[in-house]
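Chemist: need a structure here:
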Amino acid sequence: MNSYTDRNQQPSEYQENLEILMQIPVFSGLPIDARKLLAYLCTRESFKPGEYLFAEGDIDEHAYYILEGKADLTLTTEGSTETIKEYGETAFLGSLSLLCPSKRLFSLKASTKVRCLMLSQNKFQRILDQFPEIAVSMIQEICQLIHNWEARLIGDHAQECRECKKNIGVTLL
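Modeler: All right, here's what the predicted structure looks like:
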């Protein structure tokens, strides 16, 4: 039981944001003061079914945490669009965008009403200015996520897919 339930009060949006950020691995190792500032600077956005959170080719400088709803990750190749994965509540996407802007390789389209907690690179940079040491912690966590992803890729596909083997080595960068 937290202090909000003790007083029969609903937690504030800020408190909810802080609790969410504590559960996201990329932010879990950050000092509490940095997480508090992150919680304050996050915004909440809603997307209607069929609306894009971001589109392939966009330079998108946001990270997204899905609070509610579902969204489809799609990829267009040779004029055909394919749904690759569905993301739902508690999915966190775009942490690399906080460190450097890059062109989106995929599109993320709301399949239901989606509510997101969002953080922009611009706001994140303000936090880095105050807490420069957090960059190292975040980079280490992101590197670990990439390592784990590549290990799963090797375990799931490398044996049966000769072409997949040619693309292994991301963790060597």
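Chemist: In the chain, where is pLDDT below threshold?
Modeler: Confidence mapping of the chain against pLDDT under 70 gives the ranges 1-8, 157-159, 164-165, 171-173.
Chemist: for it, which helix is longest?
Modeler: For the chain, the longest helix by residue count, based on DSSP state H, is helix 134-153.
Chemist: Would you mark the buried spots in that helix?
Modeler: Residues 134, 137, 138, 141, 142, 150 are the ones in helix 134-153 that count as buried (16 or more other CB atoms under 10 Å). C-beta: built from backbone N, CA, C; applies to glycine.
Chemist: How about stretch 102-120?
Modeler: 104, 106, 107, 108, 109, 110, 114, 116, 117, 118, 119, 120.
Chemist: can you pull the contacts of the residue nearest to residue 55 when sequence neighbours are not counted?
Modeler: Using CB to CB, 6 or more residues apart in numbering and skipping residues adjacent in sequence, the residue nearest residue 55 is residue 107, 4.7 Å away. Counting by CB atoms under 8 Å, 6 or more residues apart in numbering, residue 107 touches 52, 54, 55, 56, 73, 74, 75, 76, 81.
Chemist: and residue 107, backbone torsions?
Modeler: phi -120, psi 150 (degrees, to the nearest 10).
Chemist: Report the beta-bridge partners for it.
Modeler: residue 74 (DSSP bridges).
Chemist: how much space between it and residue 168?
Modeler: Distance, residue 107 to residue 168, using CB to CB, to the nearest Å: 26 Å.
Chemist: what about the closest residue to residue 88 other than its chain neighbours, neighbour count?
Modeler: With sequence-adjacent residues excluded and distances taken as CB to CB, 6+ apart, residue 88 is closest to residue 70, at 4.7 Å. When neighbours are counted by other CB atoms under 10 Å, residue 70 registers 16.
Chemist: Residue 162 now?
Modeler: 8.
Chemist: Same check on residue 101?
Modeler: Using other CB under 10 Å, residue 101 is surrounded by 13 other residues.
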